[in-house]
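*Asks:* Here's my sequence, what's the structure:
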Amino acid sequence: PSERIQKVLAAAGFGSRRACETLVTEGHVSVNGRTLRVLPALVDPKVDKIFVDRKPIRPERLAYYLLHKPRGVLCTNNDPSGRTRAVDLMTGVRLRLFPVGRLDADSAGLLIMTNDGELTQKLTHPRFQTPKTYRVEIVGSPSAASIEKLRRGVRLAEGRTSPAEIKVIHKDRGMAVLDITLREGRNREIRRMLLRLGHKVRRLVRTRIGKLTTRKLPSGAYRALTTAEVKYLYRLAERSTKGRDETAARGPRKIGRAHV
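*Replies:* As a prediction, the model looks like this:
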């Protein structure tokens, strides 16, 4: 698979993509012995020999973390307004990380942060259906009929949602707390499902992705994934995309303890 040369250079720590474009146009970069000066240029970092000022580039080591995102933090690496981003909470990590998928700014909870583009692509594939569980506090007390509608699927503008697992944690006249488990990830899906049934969400926290949880991980904190957890994510992703992703048959890449 080919990538733009500036993306490969940025991932190897040579600055922003714009700065890496300048490196190319000023003649500092060569690929397979030929100096590049013109963009766009596509390379395969696993095959091509890429040099900057006659020194071979070394891709960043792969890294995998769990982050407990607080409410109000953005899942983007580019915010012109200067608001707090998920990557800003990864203090002490000097790698270029990005979140796998998104939680809207009003929601909190579990995020996977990595620089592994291959795993990210698999985990965000439309067929990836690992269950994700959310603790949701809502206005009002849902009826048994409303709970059953959530379980069967709610009709939204783009179609009916997939069946959900619902567990009532607490309920009284003015509010309720539910655990909702979904296997799909439409934009603001839970909020829209509940609003469709007349219940506004007060608080939403993603507590689980597969078997990964926020347990012992305070809001705003992060931890490295273990090697076993990374391999677990690869197995989940490859099962979900089997038959659609030719790289799945190769299995997870070898991951050393130093990579997590």
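*Asks:* got a list of contacts for the strand or helix carrying residue 6?
*Replies:* Using DSSP states H and E, residue 6 falls within helix 5-11. Here helix 5-11 makes contact (CB atoms under 8 Å, 6 or more residues apart in numbering) with 15-21, 23-24, 29, 31, 36, 39-43, 45, 50, 52, 57, 59-60, 96, 115. Every residue, glycine included, has its C-beta placed from N, CA and C.
*Asks:* Inside helices: which ones of those?
*Replies:* Assignment to helices by DSSP state H places the following of the contacts of helix 5-11 there: 17, 18, 19, 20, 21, 23, 24.
*Asks:* For the second one, give its distance to residue 6.
*Replies:* Spelled out, it's residue 18. From residue 18 across to residue 6, the span is 8 Å (CB to CB, to the nearest Å).
*Asks:* and stretch 48-67, average pLDDT?
*Replies:* Here stretch 48-67 scores 90 as its mean pLDDT.
*Asks:* Endpoints of it, how far apart?
*Replies:* 34 Å (CA to CA, to the nearest Å).
*Asks:* Could you do stretch 129-144 as well?
*Replies:* 27 Å.
*Asks:* switch to numbering from 43
*Replies:* Sure, I'll start numbering at 43, so the last one becomes stretch 171-186.
*Asks:* Mind listing what's buried along that stretch?
*Replies:* By 16 or more other CB atoms under 10 Å, the buried positions in stretch 171-186 come out as 171, 172, 174, 175, 176, 177, 178, 180, 182, 184.
*Asks:* Which of those sits closest to residue 143?
*Replies:* residue 174 (9.0 Å; CB to CB).
*Asks:* beta partners of the closest one?
*Replies:* residue 224, residue 251 (DSSP bridges).
*Asks:* Name all residues that make contact with it.
*Replies:* Contacts of residue 174 by CB under 8 Å, 6+ apart are 223, 224, 225, 227, 248, 250, 251, 252.
*Asks:* would you list those in a markdown table and tack on pLDDT and distance to residue 146?
*Replies:* Shown next, in a markdown table, are these (pLDDT from 0 to 100; distance: CB to CB, whole Å):
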| residue | pLDDT | distance to residue 146 |
| --- | --- | --- |
| 223 | 96 | 18 |
| 224 | 93 | 14 |
| 225 | 88 | 19 |
| 227 | 78 | 11 |
| 248 | 97 | 11 |
| 250 | 95 | 18 |
| 251 | 93 | 16 |
| 252 | 90 | 21 |
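*Asks:* Just the buried residues out of those residues, in PyMOL syntax.
*Replies:* Those of the contacts of residue 174 that count as buried under 16+ other CB under 10 Å are selected in PyMOL with:
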select buried, resi 224+248+250+251
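*Asks:* Residue 163: which of the contacts of residue 174 is nearest?
*Replies:* Nearest member of the contacts of residue 174 to residue 163, counting by CB to CB, is residue 227, at 14.6 Å.
*Asks:* three-state assignment of residue 237?
*Replies:* helix (DSSP: H, G, I helix; E, B strand; the rest coil).
*Asks:* Tell me how far it lies from residue 112.
*Replies:* In terms of CB to CB, residue 237 sits 23 Å off from residue 112.
*Asks:* now residue 134
*Replies:* Distance from residue 134 to residue 112, by CB to CB: 18 Å.
*Asks:* More neighbours: which of those two?
*Replies:* Neighbour count, other CB atoms under 10 Å: between residue 134 and residue 112, residue 112 has more, with 17 against 5.
*Asks:* quick one, what contacts the more buried one?
*Replies:* By CB under 8 Å, 6+ apart, the neighbours of residue 112 are 131, 150, 261, 262.
*Asks:* Among the residues you listed, name the ones in helices.
*Replies:* Using DSSP H, none of the contacts of residue 112 sit in helices.
*Asks:* Perfect, I'm done here.
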